[in-house]
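Chemist: Okay, predicted coordinates and the sequence, questions at the end:
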Amino acid sequence: AAIGMGAAHRGDLKASMASADRLRTLSENAEAAGSNYMARQVAVLEQEVTAVRLMMGGDMDGAIAAAKNAAEMERQYLRAPSGPPKPMKPAGELYADMLLAANRSAEAVSAYQQSLQWMPQRTPSMRGLAKAAEMTGDEGTAREMMARLKEMPGANLMD
């Protein structure tokens, strides 16, 4: 997944698509082997890679749809991680980030709130919620998130 996302960010959409195809195959193989949970984890990754590839290719609506699908699959089929997220970026947070990038800040607020229910106290989601709330004029939520972040030891406050 990291290879596919990295390729998309470098503009190598062909390599990113190949990565997504490989993840789809891995998911199908895991499901065929009876490893349904693993198949779902990999399917979420495939949708995340697809979302980033579509965004970098200029299809923001398609990217948001793929990210939303990944977020819904994550919430419905997977358990919240007890440590660092697996995959590297929770799908709900990616979805919220894409909504924010598309200037759909009110929807982003809701998506970040859902992401924080999935992974409470996650710094990038808290930062995103603060930014989205500020964009919607909800200064109270923006201030609350920033205050909570400042209280967290080692929190990344950079944009």
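Modeler: That came through fine. Numbering: from 1, shown residues only.

Chemist: For this protein, give me the ranges with low pLDDT.
Modeler: Along the chain, segments meeting pLDDT under 70 span 86-87, 155-159.

Chemist: Point to the residue nearest the middle of it.
Modeler: Per Cα atoms, centre = their mean, the C-alpha nearest to the average position across the chain is that of Leu94, at 2.1 Å.

Chemist: which element is that residue on?
Modeler: Secondary structure from DSSP states H and E places Leu94 in helix 91-101.

Chemist: again with Glu46
Modeler: Counting by DSSP H and E, Glu46 is part of helix 36-56.

Chemist: Contacts for that helix next, please.
Modeler: For helix 36-56, contacts defined as Cβ atoms under 8 Å, 6 or more residues apart in numbering pick out 1, 4-5, 7-9, 11, 13, 16-17, 19-20, 23-24, 26-28, 30-31, 60, 62-64, 66-67, 69-70, 73-74, 77-78, 86-87, 89, 91, 94-95, 98, 101. From N, CA and C alone the C-beta is placed, and that goes for glycine too.

Chemist: Please apply the same query to stretch 20-33.
Modeler: With Cβ under 8 Å, 6+ apart as the criterion, stretch 20-33 contacts 1, 4, 36, 38-40, 42-43, 45-46, 49-50, 53.

Chemist: if we go to 10 Å?
Modeler: For stretch 20-33, the surrounding residues in contact (Cβ atoms under 10 Å, 6 or more residues apart in numbering) are 1, 3-5, 7-8, 35-54, 66.

Chemist: backbone phi and psi for the residue located most distally from the centre of the chain, please?
Modeler: Relative to the C-alpha centroid of the chain, counting by Cα atoms, centre = their mean, Ala33 is the outermost residue, at 27.3 Å. With angles defined as degrees, to the nearest 10, Ala33 sits at phi -80, psi 0.
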